[in-house]
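Q: After the sequence you'll find the predicted model.
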Amino acid sequence: MSLLRTLALSALLATAACSGAIAAERMVTAPVATTDSPLKAGPLQTAVFAGGCFWGVEGVFERVKGVVSVRSGYAGGPKAAAIYDVVGTGLTGHAEAVEVRYDPAKVSYGTLLRILFSVAHDPTQLNRQGPDSGSQYRSAIFPQSPEQAKLAQAYIAQLTAAKTWPGKIVTTLEPGKAFYPAEGYHQNYLRLNPDQPYIVYNDLPKVAGLKERFPALWSDKPAG
């Protein structure tokens, strides 16, 4: 690929694809969930979260100890519409989301929620993250079980009561919605493109925020 074409592609992705990092000064260290599932040995569990562009959210969760794999994708709409260009219209019901597979003996669902709310996105932005707007960038949790739904609801109530943010938490709970993997070029995007301008500006601060605020949860080796 020519240098000119590479630069043009980078500019296009930086302006037209995903964006919306949390500025470092607006990150929070959310409190530990008072209601959580205990660590215990068992089969791998799945969590599905949406918080704006999936590149950055994936980049955060793949660095959490106990996480085995993370995939970018779409949740909230029908399978037939789970296509990047179609989801980008904001008309499909989908949100850009990540599927997190984790070991319940090493990390709890409540801890994953804490990371989601602390450094992965801003839960007070309605149908947007940063300059990107549309329902596909909404803050959402897709519980994979009644227990996850209960824990997520309790944690949002806890954060609301604690007034962790000056604004209202707008995160939606959307149980019963399937996750569909995104196209291959979206997978591991942050890891494969660390020097891409969009990643540098929007997403690397999130990953740095995880390492700085939650050093005990940081993994030097990304999952997957």
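A: Happy to help now that I have it. Numbers count the residues shown, from 1 in each chain.
Q: switch to C-alpha atoms for all contacts and neighbour counts from now on
A: OK.
Q: Can you verify residue 89 is assigned to a strand?
A: No: counting by DSSP: H, G, I helix; E, B strand; the rest coil, residue 89 falls outside a strand, being coil.
Q: Just give me the neighbour total for it.
A: 13 (other C-alpha atoms under 10 Å).
Q: Could you do the one 10 residues further on as well?
A: The local packing of residue 99 (other C-alpha under 10 Å) involves 24 other residues.
Q: just the helices in the protein please.
A: 3-16, 54-61, 84-87, 109-115, 146-162, 189-192, 197-198, 204-213 (DSSP state H).
Q: distance between the last one and the chain's centre?
A: Same thing as helix 204-213. 13 Å (C-alpha atoms, centre = their mean, to the nearest Å).
Q: do the fourth one as well
A: Remark: helix 109-115 is offset 11 Å from the chain centroid, using C-alpha atoms, centre = their mean.
Q: State the mean pLDDT of it.
A: The average of the pLDDT scores along helix 109-115 is 98.
Q: next one: the longest one
A: Along helix 146-162, the predicted confidence averages to a pLDDT of 98.
Q: repeat for the first one
A: Looking at helix 3-16 alone, the average pLDDT works out to 39.
Q: The chain should start at 359 in everything you say after this.
A: In the new count, where the first residue is 359, that last one comes out as helix 361-374.
Q: which intervals of this structure have sub-threshold pLDDT?
A: 359-384 (pLDDT under 70).
Q: Mind doing that once more with 90?
A: 359-386, 487-491, 556, 559-560, 582 (pLDDT under 90).
Q: What residues does the spatially most central residue of it make contact with?
A: Closest to where the C-alpha atoms of the chain average out (C-alpha atoms, centre = their mean) is residue 415, at 3.2 Å. Neighbouring residues of residue 415 by C-alpha atoms under 8 Å, 6 or more residues apart in numbering: 408, 409, 456, 478, 479.
Q: What about those, which are in strands?
A: 408, 409, 456 (DSSP state E).
Q: need the contact list for the residue nearest to the second one when sequence neighbours are not counted.
A: Excluding the flanking residues, the one nearest residue 409 by C-alpha to C-alpha, 6 or more residues apart in numbering is residue 497, at 4.6 Å. Under the criterion of C-alpha under 8 Å, 6+ apart, the contact list for residue 497 reads 407-410, 479-481, 483-486, 528-530.
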